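Enquirer: The amino acid sequence is not available; the structure is as follows:
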């Protein structure tokens, strides 16, 4: 093989080639787990790990539940051991040895199991899928939900930003990755390869995803960007087949019009904030003409909220609708003081600010259903992101443009009058 | 950029491009650490992490010690909090919420600090260097050694086998990696680029290393292999400039004649066992003619041990020397029952067995000094590795060939007679 | 940029970055051509070449014809100059200088023009398209057809096998290349991305293409292969969605069921023979179980030939049809003694032999129209290819299996009786 | 293999895998040549070509001469055939058919031989070496020199700028390429790997080479660049170990201090002009601070010329020496009016202008021997390159700065006075 192939075949290739023939071990999977956690772990563990992962792959949901319950129960934290270690740690003056004992006792063996399963090249992807199963099967089961905390703890460490790779997705990307983009798009469905091409190939379109080197054909999260002149107020106009294509260097605005998580097994591990900011930084460096970084975002909870406000009302006129949407985004809160709208929580938490509201911005059935077609821009203003975030994090203050504030105030007046 | 470049620039490229201008924050590094651990952590943390890592890079040893002590003290485990969480966990029935609290309280904040520092692309390498400093500076300091346990715990998870990449090192490898191979070779020094070329370029030579994708230009460990006919008994013959080069497909034996760890900051995280077995598996698949996988290994503790056995003795004759070396390897033990010789501990722990002893096998000054020129073969016998390991792990039984056993027995007789 | 990206961005990247600003030269394109052929050619030629290629790209067919005619006329061979050089060469004793003069005079300047246009990175693709235009526009025009000979002469040298790269096309290939595969498939149309996936993704399917490094996103020719047990006799069965997928290592036969040229501008430059043999060699090396390399090929001229043989006949019964098809392939000849069927000429010329004929083998409208659904296997028998080719090349002897010979003989008898 | 490896293994990999076992053909190589040129050429030609190239590789110089003479004689142009074709072409009105006949007759079969030899992947490199042999062995032999014209003609077409790849050479480049850089450096010898590292690794150093995709591990030509503030006047200062390293973005000048051809077999095919301009364009795009692109060049013929001017003179003082060097470069001419100095011919031909002369600029033994340590800057001034080139090409006018003109004028006065 040539230099390049040699170097590259090893970049992403974490194949596991067993040394010697592999015989299927017919013992129960719980026996294999015991073995893997025992003394053999390090030296002959790869073969065991491979068998356990393969066996898991063949299980139905009942067997999976049994497997998870076995782990949750038998490889759980042992409180008495932790208490003893903690006693010694405090009594004996916090030495290295006593600290080591606390560390050992405070980590349930199931975390080590997950790490040992991961010693097989390619296992990371299987483990992410395993957690997706667990999340699905653990509903209503505290013990399994506790087990999930261990998965999540490890995944948060493994999928640390420092290990992620930002990769552009283009019409030159491999088809097997592109079909995942089609499948995972959660905001504005991609209905065909032609539709996908229209979002990737034009010079004024970009798409970026985070990948983990151990799962190189699985995007973790991706964002779709339209480069425009001025701020877009309609996603259908943005995606129209007949729109005029811009040269990238002529754009002044980057519109983040869709952001989708891809891996159910990575729930609770947040990549979106970092993705948006990395992409903004990269685009700003590549295209000095870009001055505004903004979203065109859905308002998923608006219709539902509105129906509680105006149970019998007829559909409000346009300006009233804009004002109500602004009010909903700026003022409607959960008991804990956070915005009611989940997309708002995400972008405001990232330090973006509410910028503007648009009517007839998403006229798809889904857009009409969830928000009567109304959409909102969140503005990522470089100079204000840190401060916005800080104030939102500490006092839940929602940042917004002055125009947005007036709009929301109109609705407040309206709602007050009504009431 | 073209497809290929585009795909590949992102494989290993975890550059951090700040969004907006970067201003050096002149506050004390401890203030930056506090900020990073505070609310800003996730959203504006990358910039903080970059600053802390850069500032650390400029510190002298005294400042580094201060930095480590600050972390060790201020971001340590809080026993009272852990005790409270543990009490609640036991009292309230091990719910998800109480388990989460135990998890939170049992992990010292400094682990989260290390993870947050790692969010900057490229930081992993800096953190590995940081731990190398810590190991050096922590000597005799229990608190810092305890801090090191946190580094080690995280690194064991991050440098899991499943994330490592096996890459062949050849004369076509990048010079910046090859110069590290020269620098890190710990067994048989490489004295020039010509010497290196002789170990890489001939058709009967191989070299493999593990890499981590987040540190793609830093080998973690590498092994040098000679493909031979028959078992080699002299490292100088193996490395001779004038030897006849074999075609790889004509070899029946793979001699692992050098294995070197590269990263002081990864001390205690073991890669060698997996490297040897992966390389053996790959070579076996590529070259079906290979029947024997064996080492030609130094015996670093032999001279020292011998001088304690025979303080005034003249140098023994050849066969006696072989017997004594065999005895040393097979019988000399530490108080805990493990072999005295560190290389023996490694290979026997991996499941290899003692095979043969050779005189004048390493005639370099170092070889003469540490073992009077004697070397040993450890045999990785596919059919016996698992069993050997198991018996060594459970009962410290040392596996050896029958020839080796006789040889060692001769010395036992000799030493008994002497005594 | 990192090592890998750096190396790779340059592999295929032949971008032309002008040094200094580029001003559009408003002179007629013929003036630019004169300049490029003049003294400035080597030093400032890249800019001129870029302008000419860009200008050509904007031309309509009339302007292209003018451009071609200008070149054909003004940069043609000068017979008197060649005669003078030839006289001197013979008179003065065939020295280096006189030979150089003959070489110079025997090559029309338009060949040098084409080479100089190619000095711009990326120009090769434009020149291939230019020739596709020329072939289309030159119909019936001897002077332009003569100009085409110069293009063809250069392209035959540039697209020499030694410069081509064989690349596997898979479901992991870039979408922009895959959409070309869909577009160029000439034998069995690919009607959707799902259809394409079914030809690429299963473990028993392969596709390979030749590429030229200067046109890395343009396949030149590709072949689709099905790995099977036994010899396939129906293309619809081969492509069926519901067929059972084989493991590649279980296959004993490689069926080449479609081979398509992609570049009209490379007409007359033959890649097919080399592609089939390279793919056969690669598959044989990868999958030792493969014993038979065979095609399942259309018989494009059969219906037409048959209608001349049996103008009024009703459709013959199955066995008669097979026999007639065999006869057509084996016996129907052009005036020059070559087989009438173009696909037969190709495979027999490559040294393959006629193996078997199948009814209802291509039931698509096109298959029925051109050959009443009949298809044929050409067998690439490693042991006979060279001899078959030799005999076909020297005496137009058609190689065939004994079964095929009998089949064809039946039809001969039939046709003779009829007549 | 993974996507990336799969794609890339094929980029540069033009391996030839014979289909079926290869038997050494024991006939004389001339018989193999006859076969390759005969009917078998296209179909079974790859095997023949491989055998001929391998056999050639084993020949000594006498056998090579026989081989070349055989080709030169037996595959030469046939003047009578060309004359007949030319007659028909003129008589029959320049049809496509008659033109095709002229083309066929005007190309000696040995050109087709070279093309057919090149059909084996990897052959291009062998053919380049073959021509290097031919150039060496053809001295004084007109027939072989004529044969060389055919090699050169083909190579000029194959190594067209459009096919070349510009690749940066860095300390991260493969060692097997770097050792070629060490070997081929023709201007300022690289005396060790440390010396090489000093020319590649610092942030203010660059090196670029042209490669051909069919010879990816063989640089064709490379240039070494120092990024500086101000114009360098001493190569030893430029290369000093102790110099202060600049940040690339702080440099205002790119000094091309060494340019070396690597392939003797590509003699007469010029890459230097295009390399310098492509590198200048790339550097200008990457580093907007760069304002001046200039060389620091040797004056290889100065000492020799000077000794003819002043046979008995003592060494002139510094300013006189500078003036004499300027005069030599600007005024000393060959009989054909071109500058006497070969480096001057190259850079002036590229459109550069003489800028300044420096004393003690190359104090190496070679520098002192060839030019008494004097060096010269050629200035590539973007705004003047085209005009300079034009005037040099048409009227051999030498472009120079006004300072250089005065300097040269001083020497003219001096020499006139002396005479």
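Expert: Arrived safely, thanks for sending. What you see is a predicted model; the values in this text were computed from it and never measured. Numbers count the residues shown, from 1 in each chain, chains lettered A, B, ... in the order given.
Enquirer: use CA for all of it now, contacts and neighbours both
Expert: Fine.
Enquirer: Dig out what the most centrally placed residue in chain A forms beta bridges with.
Expert: In chain A, the residue lying closest to the centroid (C-alpha atoms, centre = their mean) is residue A:261, at 4.3 Å. The partner list for residue A:261 in beta bridges (DSSP bridges) reads residue A:221.
Enquirer: I figured it hits residue A:184, correct?
Expert: Yes: between residue A:261 and residue A:184 there is a contact under C-alpha atoms under 8 Å: 7.2 Å.
Enquirer: Now do the contacts for residue A:190.
Expert: Each residue near residue A:190 by C-alpha atoms under 8 Å, 6 or more residues apart in numbering or on different chains is listed here: A:182, A:183, A:196.
Enquirer: Now, those residues that are in helices?
Expert: Of the contacts of residue A:190, the ones assigned to helices by DSSP state H are A:182, A:183, A:196.
Enquirer: Drop anything exposed from those.
Expert: Under a neighbour-count criterion of 16 or more other C-alpha atoms under 10 Å in any protein chain shown, the subset of those counted as buried comprises A:182, A:196.
Enquirer: so where's chain A uncertain?
Expert: For chain A, residues meeting the criterion pLDDT under 70 lie at A:1-23, A:39-44, A:310-313, A:418-419.
Enquirer: How about the residue of it found nearest chain C: which residues does it bridge to?
Expert: Closest contact between chain A and chain C, by C-alpha to the nearest C-alpha, is at residue A:174 (4.1 Å). Beta-bridge pairing of residue A:174, defined through DSSP bridges, involves residue C:174.
Enquirer: Surely it is in contact with residue C:173?
Expert: Yes: contact status for residue A:174 versus residue C:173: in contact at 4.8 Å, counting by C-alpha under 8 Å.
Enquirer: Could you pull out the strands in the stretch 201-350 of chain A for me?
Expert: According to DSSP state E, counting those that start in this stretch, the stretch 201-350 of chain A carries its strands in the segments A:205-211, A:221-228, A:253-261, A:292-295.
Enquirer: Residue A:405 in helix, strand or coil?
Expert: Assigned state for residue A:405: helix (three-state reduction, DSSP: H, G, I helix; E, B strand; the rest coil).
Enquirer: ok, so what distance separates it from residue D:381?
Expert: Look at residue A:405 and residue D:381: by C-alpha to C-alpha, to the nearest Å, they are 58 Å apart.
Enquirer: Repeat that for residue A:236.
Expert: As it turns out, when the distance is counted by C-alpha to C-alpha, residue A:236 lies 51 Å from residue D:381.
Enquirer: before we move on, what about residue A:253?
Expert: Residue A:253 sits 38 Å away from residue D:381, going by C-alpha to C-alpha.
Enquirer: Compare neighbour counts for those two and give me the winner.
Expert: For residue A:253 against residue D:381, the residue with the higher neighbour count under other C-alpha atoms under 10 Å in any protein chain shown is residue A:253, and the figures read 21 against 16.
Enquirer: Tell me who's in contact with residue A:70.
Expert: For residue A:70, the set of contacting residues under the criterion of C-alpha under 8 Å, 6+ apart consists of residue A:30.
Enquirer: if we can go back for a sec, turn the strands of the stretch 201-350 of chain A into TSV, columns for distance to residue C:333.
Expert: Putting those into TSV (distance: least, C-alpha to C-alpha, whole Å) gives the following:
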stretch	distance to residue C:333
strand A:205-211	56
strand A:221-228	60
strand A:253-261	63
strand A:292-295	69
